[in-house]
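Engineer: with the input below, show me the fold.
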Amino acid sequence: MPFGGGNKCGCCQKTVYFAEEVQCEGKSWHKSCFLCMVCKKNLDSTTVAVHADEIYCKSCYGKKYGPKGYGFGGGAGTLSMDTGEGLGITPPVETPHHPTNNPNASKFAKKAGASDICPRCGKTVYAAEKVIGGGNSWHKGCFRCAKCGKGLESTTVADRDGEIFCKGCYAKNFGPKGFGYGQGAGALAHSQ
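Structural biologist: Next up is the predicted model:
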């Protein structure tokens, strides 16, 4: 132990006293200096990763020194838009997309002449996003109750005059009115 009371901090090079000391890889650190070199998160013995006298959290260490390429993500199905510029990684330059001018485009790329039109938004409904209900083809995002906006399924849809509703809204608006109908448990429904 050098003269002055304690070891030198691996980050700020100032004296580290026993009460504020964290040890890692044979070096001493102040608790307040024991931070990731990139994102500055506080570290502990379970989250630290060391590389050439530099300390990182496991996430930043993996981004900077871990494997690169397809299949080596952040884990558990995460999707990140981080390009790694903060770690000194230069992102690849993307070339602009140019659509093909091939006159012999495949039958899958051609727009069908008699394609389905969504009654809610008026746009073309393609097979990958098609939901059929109420005698029409709908986009998955447009297949919602016309009154409350709740997402519908084949078991919860009710249609009237080309519009679709959830069972609850359909019953309130088009079901029987009066004593004993609609609200359940013998409640009286008031028409407005």
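Engineer: which element is the closest residue to residue 34 other than its chain neighbours on?
Structural biologist: Excluding the flanking residues, the one nearest residue 34 by CB to CB, 6 or more residues apart in numbering is residue 22, at 4.7 Å. Heads up, the C-betas are built off the backbone N, CA and C, glycines and all. Here residue 22, judged by DSSP states H and E, is contained in strand 21-24.
Engineer: partner strands of that strand, parallel or antiparallel?
Structural biologist: strand 27-30 (antiparallel) (DSSP bridges).
Engineer: can you pull out the helices in this protein?
Structural biologist: Using DSSP state H, the helices of the chain run over residues 58-65, 167-174.
Engineer: single out the most deeply packed of the ones you listed.
Structural biologist: helix 58-65 (a mean of 18; mean count of other CB atoms under 10 Å).
Engineer: which elements pack onto it?
Structural biologist: strand 48-51 (3 or more CB pairs under 8 Å, 6 or more residues apart in numbering; DSSP states H and E).
Engineer: distance of residue 171 from residue 117?
Structural biologist: If you measure residue 171 against residue 117 using CB to CB, to the nearest Å, the figure is 29 Å.
Engineer: repeat for residue 34
Structural biologist: Look at residue 34 and residue 117: by CB to CB, they are 61 Å apart.
Engineer: again, but for residue 163
Structural biologist: Counting by CB to CB - residue 163 and residue 117 are separated by 15 Å.
Engineer: these two: which is more packed in?
Structural biologist: Using other CB atoms under 10 Å, the more surrounded residue of residue 163 and residue 117 is residue 163, with 15 against 12.
Engineer: how about the more buried one: what's its closest non-neighbour residue?
Structural biologist: residue 146 is the one closest to residue 163 (CB to CB, 6+ apart), at 4.7 Å.
Engineer: got the contact list for the one you found?
Structural biologist: 163, 164, 165, 169 (CB atoms under 8 Å, 6 or more residues apart in numbering).
Engineer: can you check residue 11 too?
Structural biologist: 29, 30, 33, 34, 35.
Engineer: looking at those, which one is closest to residue 90?
Structural biologist: residue 35 (25.2 Å; CB to CB).
Engineer: next one: that closest one from residue 52, what distance?
Structural biologist: 17 Å.
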